[in-house]
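Chemist: Pasted the sequence and its predicted model underneath.
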Amino acid sequence: MSTPRRPAPRSRLAPIRAIGRPSACPRTQRKLPLLGMAVVERQEIRVLLADDDRVFLDALRELIDRQPELGVVGLAANGLEAIEQADELDPDAVVIDVHMPLLDGVTAVAHLRQHHPTLCVIALTGDEAPKLHEAVKEAGADGVLMKSELVDVLVERLAGLRPSG
């Protein structure tokens, strides 16, 4: 079993002046608090994955690592590990399952949004319950994807994080 790649080195940092900036996730209108620094240049989009199903997690990692603009920097088996790794690894995006042990995805999303306001947070679920999807979005997820949509939509959204220009 291979381990996730080491975090990609950060390139140059530059101050930004805006009073807010959009979330890193494409197609969201959420305005986020001022950052002191913003990444100007980066080699790849750094993704943290969280799911308690190890087979699914490994398949998802393989899918994302095949994309030249994306790189998996960490794997978590529950919401608590996802929070700890997000604090340590400073990823650009977290893809997190909604139903996990120790700390569920909804609670983890709320914590991630509060402590990492510019982080792209994409929740995954096999549960079609509209109230669950609403709860995850209210907690701060930039999007909720059905696991059945994964291949087509997730890679497109993550790849869209690359700065234009």
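Modeler: Received, thanks. Numbers count the residues shown, from 1 in each chain.

Chemist: Show the residue spans covered by the helices in this protein.
Modeler: Counting by DSSP state H, the segments of the chain that form helices are 54-65, 79-89, 105-115, 130-139, 150-159.

Chemist: Just give me the neighbour total for the closest residue in space to residue 77 that isn't next to it in sequence.
Modeler: Using CB to CB, 6 or more residues apart in numbering and skipping the chain neighbours, the partner closest in space to residue 77 is residue 52 (5.4 Å). Glycine gets a C-beta too; all of them are placed from N, C-alpha and C. As a burial measure, residue 52 scores 17 neighbours (other CB atoms under 10 Å).

Chemist: shaky segments in the chain?
Modeler: Low-confidence segments of the chain, defined by pLDDT under 70: 1-43, 151-155, 158, 161-165.

Chemist: need the helices of the chain in a markdown table with distance to residue 95 and mean neighbour count, can you?
Modeler: Output for the helices of the chain, formatted as a markdown table (distance: least, CB to CB, whole Å; neighbours: other CB atoms under 10 Å):
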| stretch | distance to residue 95 | mean neighbour count |
| --- | --- | --- |
| helix 54-65 | 7 | 16 |
| helix 79-89 | 10 | 19 |
| helix 105-115 | 10 | 21 |
| helix 130-139 | 13 | 15 |
| helix 150-159 | 7 | 16 |
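
Chemist: before we move on, back to that, how about the residue nearest to residue 77, phi and psi?
Modeler: Note on residue 52: backbone dihedrals following degrees, to the nearest 10 are phi -80, psi -10.
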